[in-house]
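Structure for the following, please:
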Amino acid sequence: MDCQDRPAQAAGAAQSRDDILAIVSHDLRNPLNLIAMSARALEDCASEEARKAQLGIIHRAVARMSRLIGDLLDVSQIAQGTLRVQPAPLEVSALCGEAKLMFTTLLASKGQAFECPQAIDALSVLADRDRMLQVLSNLVGNAHKFTPEGGRVALRVEADGAFARFAIVDSGPGLAANELPQLFDRFWQAGRERRGGVGLGLPIAKGIVEAHGGRIWAESSPGLGTSFYFTIPQAR
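Okay, the predicted model is just below:
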């Protein structure tokens, strides 16, 4: 490595360290505070209903912390090149069926429609099922967050040579051209004033797709929504 590259590499490592420390101090502190407050409230609960309400808060906070820790571990493995996937033949129609069950209720909470292909004849991919659902969850969750109430999110799949090309298309506000190259950077978020996460979902999706030998990209224009595409090798 060129000596001139070392200061830039050191600065990048320091920035990554600071980003992770910021996440730990902010995004883990909030659910921890919720757990502490709910645990104290449990001591004063006079009814079974009140106790169940506080226990529900604790369970949700623990789940949030677990998701964040899992995301940080995934990002660390991707950065080190140690993320492992276990590809096996997977029917796309079955995958879309699972996606429909997972996401229809989520999108309906904001009055959003979820369009999903009913049947895809004889199309299968060589993919890790759990990791594929993780990619779809990250991309559909992102579309849900930035699509207004009453909007729509569509999942589309078609053959593309030796690959299957997936598309998640939303009717949100869209993105400016200068934001697209940064979408898959760790900890970067479009519209930071609408902060609703830590900016790890898209880079994790990218790492998983690339570990399968595919690629991922986005297309968008202000006012015309955003489309995320990724390819996965077909099973042959």
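
Distance check, M132 against T231.
12 Å (CB to CB, to the nearest Å). Every C-beta, even on glycine, is put in place using the N, C-alpha and C of the backbone.

Averaged pLDDT, the helix or strand containing S93. What do you get?
Element membership for S93 (DSSP states H and E) is helix 92-108. Average pLDDT, helix 92-108: 90.

quick one, strands of the chain?
Taking DSSP state E as the criterion, the chain contains strands spanning 88-91, 113-115, 124-127, 152-160, 163-170, 216-220, 226-233.

Save the ones you listed as a markdown table, and put in mean neighbour count and distance to T82 too.
Converted to a markdown table, those look like this (neighbours: other CB atoms under 10 Å; distance: least, CB to CB, whole Å):
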| stretch | mean neighbour count | distance to T82 |
| --- | --- | --- |
| strand 88-91 | 14 | 20 |
| strand 113-115 | 15 | 34 |
| strand 124-127 | 22 | 19 |
| strand 152-160 | 18 | 29 |
| strand 163-170 | 21 | 24 |
| strand 216-220 | 18 | 19 |
| strand 226-233 | 22 | 20 |
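
how's the chain carved up into domains?
5-80, 88-233 (automatic domain parsing).

Deepest-packed of those domains, please.
For the domains of the chain, the stretch with the most neighbours on average is domain 88-233, a mean of 17; neighbours defined as mean count of other CB atoms under 10 Å.

Could you give the separation of it from the chain centroid?
Taking CA atoms, centre = their mean, to the nearest Å, one finds domain 88-233 lying 8 Å from the centre of the chain it belongs to.

switch to numbering from 55
Done: numbering now begins at 55, and the last item shifts to domain 142-287.

what's the span of that domain from first residue to last?
Taking CA to CA, to the nearest Å, domain 142-287 runs 11 Å from one end to the other.

With stretch 201-215 instead?
Termini of stretch 201-215 sit 31 Å apart (CA to CA).

Identify the residues contacting it?
For stretch 201-215, contacts defined as CB atoms under 8 Å, 6 or more residues apart in numbering pick out 146, 150, 153, 157, 161, 164-171, 174, 177, 190, 194, 197-198, 218-227, 279, 285, 288.

pLDDT wise, what is the closest residue to S275 other than its chain neighbours at?
Once flanking residues are discounted, S275 sits nearest to G228: 5.2 Å by CB to CB, 6 or more residues apart in numbering. pLDDT for G228: 92.

residue contacts, G228?
S274, S275, P276, G277, L278, G279, T280.

Helices along this protein, start to end?
59-80, 83-98, 102-134, 146-162, 183-200, 255-265 (DSSP state H).

export those helices to JSON lines and tack on distance to P235?
JSON lines is the format used below for the helices of the chain (distance: least, CB to CB, whole Å):
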{"stretch": "helix 59-80", "distance to P235": "17"}
{"stretch": "helix 83-98", "distance to P235": "31"}
{"stretch": "helix 102-134", "distance to P235": "18"}
{"stretch": "helix 146-162", "distance to P235": "27"}
{"stretch": "helix 183-200", "distance to P235": "17"}
{"stretch": "helix 255-265", "distance to P235": "12"}
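
Show me the one of those that comes nearest L237.
Proximity of the helices of the chain to L237 was assessed by CB to CB; the nearest stretch is helix 255-265, lying at 5.6 Å.

Counting by contacts, list what that closest one packs against.
On a contact count with 3 or more CB pairs under 8 Å, 6 or more residues apart in numbering; DSSP states H and E, helix 255-265 meets helix 102-134, helix 183-200, strand 270-274, strand 280-287.

Now do it against helix 183-200, angle only.
150 degrees (axes from the mean of the first three to the mean of the last three CA atoms, to 10 degrees).

Give me the residues contacting helix 255-265.
Contact with helix 255-265 is made by 125, 128-129, 131-132, 137-139, 182, 185-186, 188-189, 192-193, 195-196, 237-240, 269-270, 284-286, as judged by CB under 8 Å, 6+ apart.
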